[in-house]
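>>> Just a sequence and a predicted model for now, questions to come.
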Amino acid sequence: MKRLSVYVSFLALATAAMATAQTPAPAAAAPAGPTKVAVIAFQAAVAQTNEFQRDLADLQKKYAPKSAQLKSLNDEIENLTKQLQAPNAQLSDADRVTKTRTLEEKKKQLERDNQDAQSDFQTDMQKTINTVAGKVGQVMTDYAEKNGFTLVLDAGDQQSTAVLYAVPSTDITKAVIDAYNQKSGIPAPPAADAPTPAPAK
């Protein structure tokens with residue numbers, strides 16, 4: 001049976017939410033002269049900042065009790081299903097009807113609770129991404145201006161990117177991440193603070 005959990009995939013949720021995150025406002029018109037182009041994987045830059053990693057770990061902790069609750073309910077459903085499907089189950093007709101009704105009620109409850117949890121998590125994730133993305137965008141703009149870049153292209157969005165090739169030296173993703181981490185003063189969270197979600201069955 002497929003396991004339903006609020007920890008379906010934090011990374012997938014983060015990527016989906018980041019697709020609609022606020023992007024930095026267009027910069028002022030560049031002065032005339034040679035064009036100096038840079039590329040950045042903007043979504044990756046946001047996701048790899050210490051601030052976002054810290055906030056993501058906080059969200060995981062916040063929703064851990066709900067995830068455990070959903071897992072417990074899912075386990076109950078699996079146990080009831082096994083009881084009803086057991087070839088040698090000694091169940092009276094009344095017991096079978098009762099267990100079947102209970103199973104259907106728990107399935108509906110799990111579906112409702114899971115949808116609510118996913119909606120709440122995505123709302124919190126969207127707020128987190130928008131907050132960090134706005135600040136990363138400003139740091140990116142400052143970095144580009146200080147280093148004489150007249151155009152910065154987002155090479156990270158695989159669905160809409162127009163960047164088919166770029167010399168590695170033009171990629172400012174890591175530089176912007178480092179600049180942002182230094183400006184924020186937030187240290188990298190310990191790896192243990194970001195547990196890997198359990199795979200779905």
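Yes, it's here. Keep in mind that this is a model prediction, so the values were computed, not measured.

>>> I'd like the next helix or strand past the worst-scoring helix or strand of the chain on mean pLDDT.
Least confident element among the helices and strands of the chain, by mean pLDDT, DSSP states H and E: helix 10-18 (a mean of 45). Where DSSP states H and E defines the elements, the next helix or strand beyond helix 10-18 is strand 37-40.

>>> Keeping just the C-alphas, turn that next one into CSV.
Taking only C-alpha atoms (Å, rounded to 0.1, in the frame of the first residue of the first chain), the coordinates of strand 37-40 have been written out as CSV:
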residue,chain,number,x,y,z
VAL,A,37,27.4,38.1,-19.1
ALA,A,38,27.1,35.9,-16.1
VAL,A,39,24.9,32.9,-15.4
ILE,A,40,23.4,31.7,-12.1
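
>>> roughly how far out does the next helix or strand after that strand sit from the chain middle?
Proceeding N to C from strand 37-40, the next assigned helix or strand is helix 42-47, under DSSP H and E. Centre-to-centre, helix 42-47 and its host chain are 11 Å apart (C-alpha atoms, centre = their mean, to the nearest Å).

>>> how about the helices in the protein?
In the chain, the helices defined using DSSP state H lie at 10-18, 42-47, 50-85, 93-146, 173-184.

>>> which intervals of the chain have sub-threshold pLDDT?
Along the chain, segments meeting pLDDT under 70 span 1-33, 157-161, 191-201.

>>> Residue 190 is nearest to which of the helices of the chain?
Closest to residue 190 of the helices of the chain is helix 50-85 (C-beta to C-beta; 8.8 Å). In short, each C-beta sits where N, CA and C put it, glycine included.
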